[in-house]
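Kindly return the folded structure for what I paste below:
(chains A, B, C and D)
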There are 2 protein chains.
Amino acid sequence: MAHRQDQQRRSSIHDVASRAGVSAATVSKVLAGVTTVKPENAQRVFDAVEQLGYRVDPLASDMRRAKRRIIGAIMPEFESEFFGQMITELEGLAEQRGYTLVAASSRESEAREKEILARMHDWRVAGVVLAPVRNEHGPAADFMKANGMTGVLIDRVLSDDAFDTVSADSAAASAEVARELVGKGHRHILVVGLGEQAATVRARLDGFRGAALQLAPGMRIDVVLAESDVGPLRAQLRDYFDACEGKDRGEGKGERPTAVYSLFLKGTLVALSEFRRRGWHCPNDISLVGFDDAEWMQVTWPAIAAVVQPVRQIAGHAMEALFARIEGGEGPPKARLEPCRVLMRESVGSPGNGPHEGGGNRQ
Amino acid sequence: MAHRQDQQRRSSIHDVASRAGVSAATVSKVLAGVTTVKPENAQRVFDAVEQLGYRVDPLASDMRRAKRRIIGAIMPEFESEFFGQMITELEGLAEQRGYTLVAASSRESEAREKEILARMHDWRVAGVVLAPVRNEHGPAADFMKANGMTGVLIDRVLSDDAFDTVSADSAAASAEVARELVGKGHRHILVVGLGEQAATVRARLDGFRGAALQLAPGMRIDVVLAESDVGPLRAQLRDYFDACEGKDRGEGKGERPTAVYSLFLKGTLVALSEFRRRGWHCPNDISLVGFDDAEWMQVTWPAIAAVVQPVRQIAGHAMEALFARIEGGEGPPKARLEPCRVLMRESVGSPGNGPHEGGGNRQ
DNA sequence: CAAAATGAGTAAATCGATTTTTCGCAGTTG
DNA sequence: CAACTGCGAAAAATCGATTTACTCATTTTG
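Predicted structure coming up:
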C-alpha cells in the first residue's frame, strides 16, 4: 500500500486528445493503426501518449465488443504439474494474441464448474478452454451449448458433437504400455483407474487390453476401478491385494499380478503407497507404470515409468481451435488426439526376476 | 462452438427496466439493496430479472469504479504444488468477496513480473497479491509503489516498508530442522540453496545455523548456494561431493556430510538425483530434509522429511491484509510470519547407522 | 464549371451499469 | 393558501474507448 498522493487518476484518451490537439476519435484511430490520419497529427498523438504514459483501459475498450478479449480457462485443479503446465501454456498463448486469461479451478466439482462458467458468461468471454471434471457430456458443456458460448474441451474428453476437443491419445499410449509390459513377460497385470471420467478411462483400458490380449491372448488383466474418489480406491486396492495373498496361500503362487498400470497420477501414488505398506519393492516384487508423468518420478529409486502427456501440443491446438471459432470458423467440431511418449523407467522389470526375495526389508 | 441462433444478445438492465415498467436507475437500486423503493416496484424488478435471466455485467459494473473488483495474483510458476494450492486458495477467497482473481505466472522472470503488473495496472485491479521471483526489493514492488497500487507481498519476502508481507516462518522452521538433525547426532551437514531469493535464503540459513551451532558449537555446516538457476546447482553439488570423496580417500572418512538440508523444493530433487547418481541411499548413507513438502514425498521409499508451509494461513492472511488496505486501512505495513510444520520422515536417520554399507546396490 | 468523390477530422451515439441531479406529487406547516 | 418537507422515481451525467454519421475542404471527373 503506497502513499495516498500517488493515487492520481490515470490519463484517459481524452487527456491524450487535448494534449495532442485532436479529438479522442483521432487518437483511437491512430492507436488502431488507421492510415487516413495526417502524419503530423499521428506524431502529435504518439508524443502525447509518450508524455502522459497513456495506456488503453482494456475494460473500457472491451465494453462495446460483444465478445471481450478475455479467455476463460477452467481446470479441475491447479495442484498437479499437468494442469499447472497447462495453465502456464494457455496463459502465454492467450497473451500472444492480446487476450487476458482468467483461470479458475472447478476443484473436481461439476456444480462449481457450472457456476464458474456462468460467471465467465457474465464477463462475456470470447471463449472458454474447459477441462471437464468428468467428461464432455457434463452440465458445463450443456450450459455452454445452451448459451451459445464458444469453447474447446480438453483432457478428459474424446469427442463432442458441439465443441472441438483436444486430448492426449490415451488409447495409443496405453497400447504401447501394454506392449512394453507384455514384452517383458508380464502375463498378469492389474489396471487401476477412476470410473468417473468414463470415456477416457474406457479408452485407456480398451487400448491397453486390446494390445495386451492381442500379444498374449491367454493373459489375465484385473481391473480395480474406484467410483469417484481416491479415498475408496485406496481401500479397494488393499482388498484386492489381500484377496491375492489369500489365494497365494491357498493355491500356491501366481495369483498376484506382476505389474500395475495406473490410469491416472493419483492412482500411481496410491499404488506406490500400498506397495510401501506391504513392503513390496519395484521392480523386483512388482512393476509399475503410471499414466501422467511428474518431475519427482525420475529422481526416486526406482524411477517411475510413466506416460508423458504432450501438454504444449494440447494447449497449442486447443487455442488454435478456439481462436478459429472465435474468428467465425464454421464446420463440424473436430476431435484431436495428441500422441504421448511412454517413458519406461526402472519401476518396470521382468516378472520372476527376484520377486518376493528381500521383500519388505530393503534398508 | 454452438449454433448461431443461440447467439442472442443478453438482456441488459434496460431490458429489465422496461419489462418491470421502471427506469434503469430503479433496477440498479433494487439490485443494490437500496430501501427507498416501493415494495411493489421492487417485486416487479425481481420478477423481470427472473423472467429474463438477467445478470449484471461485471465489466460494465466496474467501469465507473476507480478500483475494479478484480484481484491480480502473480506467482513465479504454476507447476508446483505450493503455488498451485496458493492460487486455489486465493481464488476461493477472492470469490467469497465477490472479486474475480486473475492469476499470472512470471515464470521466474523479473522482467515478466513487471510487464504483468503493468497489465494489471491497466485493468485497474483493486489489489495485487505478488509472490516475487526474487525478494521484496525488486522492480515489481517499485512499479507498484510508483503507481500507487495496492498490494501484498508473499512467500519470498520478509518485510517491506511499503507493502504488507506474509510468508512462512522459514527461520523458525529451519531452526527446528537443525534441532532434529543435531539431536539425531549429525555433526556435519550440508545446506543447499539458491542465492537469488536473498532474504529468505538468508533467514533459512541463519535460522538453521544459529540453532545448530548453539546445540553443537563445534559442528561443521557446509553451504552450496547456486547463483540463480537450478542447472548450475546440480554441477556445484556434484563438485562438492567429488571433493568430499577425494578427501575421504586421502584422509580417511569423516569429510562427507551425514545429512543434507535443502532450502527449496527443486534443491531436494537435485539432491535426490545426485544421491541416485552416486548410489547413496537415505537414510543409511546420508539423511535428507527439504524445505517445502509435496504429495509424493510420503509414498516413496524412503519418505522424504520436509518442512510444510502453511499455504492456507499465508493465503488467508494475505487476502485479509489486502482487503483491509483496499477498504482504506491505514498504518505502517505489517510483516507476518506463519509457523510451519516439520515432518520428520524416513529420509532422516542417525549418522553412522550403517553408512556406506551396501551403498549403490540396493536392489 | 458544376457535380461527385475523396480526405481528414470531429461530434455524437454506443456499450451497460452506477450515481448524481432533478422533478413531480403528496402531505405539512405558518 | 403559499411555502416547505420528503419520498420515490425518472432523467441525465459518468466511466473510457470505439464507431458511426456527418462536416468541411480539396480533388477528381463528366
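
Tell me which residues touch the residue in the stretch 201-350 of chain A that DNA strand C sits nearest to, please.
Per Cβ to the nearest atom of the strand, A:I326 is where the stretch 201-350 of chain A lies closest to DNA strand C, at 18.0 Å. To be clear about C-beta, it is placed using only N, CA and C from the backbone, and glycine gets the same treatment. When contacts are counted by Cβ atoms under 8 Å, 6 or more residues apart in numbering or on different chains, A:I326 touches A:K67, A:A126, A:G127, A:T150.

Same check on A:P76?
Counted by Cβ under 8 Å, 6+ apart, A:P76 has contacts A:F83, A:S105, A:S106, A:R107, A:E108, A:A131, A:P132, A:V133, A:R156.

Just put these in JSON lines and tack on secondary structure and distance to B:V49.
Shown next, in JSON lines, are the contacts of A:P76 (DSSP: H, G, I helix; E, B strand; the rest coil; distance: Cβ to Cβ, whole Å):
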{"residue": "A:F83", "secondary structure": "helix", "distance to B:V49": "36"}
{"residue": "A:S105", "secondary structure": "strand", "distance to B:V49": "29"}
{"residue": "A:S106", "secondary structure": "coil", "distance to B:V49": "26"}
{"residue": "A:R107", "secondary structure": "coil", "distance to B:V49": "29"}
{"residue": "A:E108", "secondary structure": "coil", "distance to B:V49": "32"}
{"residue": "A:A131", "secondary structure": "coil", "distance to B:V49": "32"}
{"residue": "A:P132", "secondary structure": "coil", "distance to B:V49": "29"}
{"residue": "A:V133", "secondary structure": "coil", "distance to B:V49": "30"}
{"residue": "A:R156", "secondary structure": "coil", "distance to B:V49": "35"}
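
With respect to DNA strand C, which of those residues is nearest?
Of all the contacts of A:P76, A:S106 has the smallest distance to DNA strand C: 25.0 Å, by Cβ to the nearest atom of the strand.

Which of the contacts of A:I326 sits closest to DNA strand D?
Among these, and counting by Cβ to the nearest atom of the strand, the member closest to DNA strand D is A:K67, at 11.4 Å.

since we're on the closest one, how many residues are nearby?
Per other Cβ atoms under 10 Å in any protein chain shown, the neighbour tally for A:K67 reads 14.

A:P58 now?
19.

How about A:A60?
By other Cβ under 10 Å, 14 other residues sit near A:A60.

same thing with A:G53?
Neighbourhood size, A:G53 [other Cβ under 10 Å]: 9.

Need the per-residue pLDDT for it.
pLDDT, A:G53: 96.

Verify the stated contact: it with A:S11.
Yes: taking Cβ atoms under 8 Å as the definition, A:G53 is a contact partner of A:S11 at 7.3 Å.

Looking at the contacts of A:I326, which one is closest to B:T268?
Proximity of the contacts of A:I326 to B:T268 (Cβ to Cβ) peaks at A:G127, which lies at 39.0 Å.

if I look at the closest one, how far off is A:I70?
Note on A:G127: its distance to A:I70, by Cβ to Cβ, to the nearest Å, is 9 Å.

Same question for A:V56.
A:V56 sits 15 Å away from A:I70, going by Cβ to Cβ.

Those two: which is more packed in?
Neighbour count, other Cβ under 10 Å: between A:V56 and A:I70, A:I70 has more, with 21 against 15.

Report the beta-bridge partners for the more buried one.
Using DSSP bridges, the bridge partners assigned to A:I70 are A:T100.

ok, now which ones touch it?
Contacts of A:I70 (Cβ under 8 Å, 6+ apart): A:D62, A:Y99, A:T100, A:L101, A:V102, A:W123, A:R124, A:V125, A:A126.
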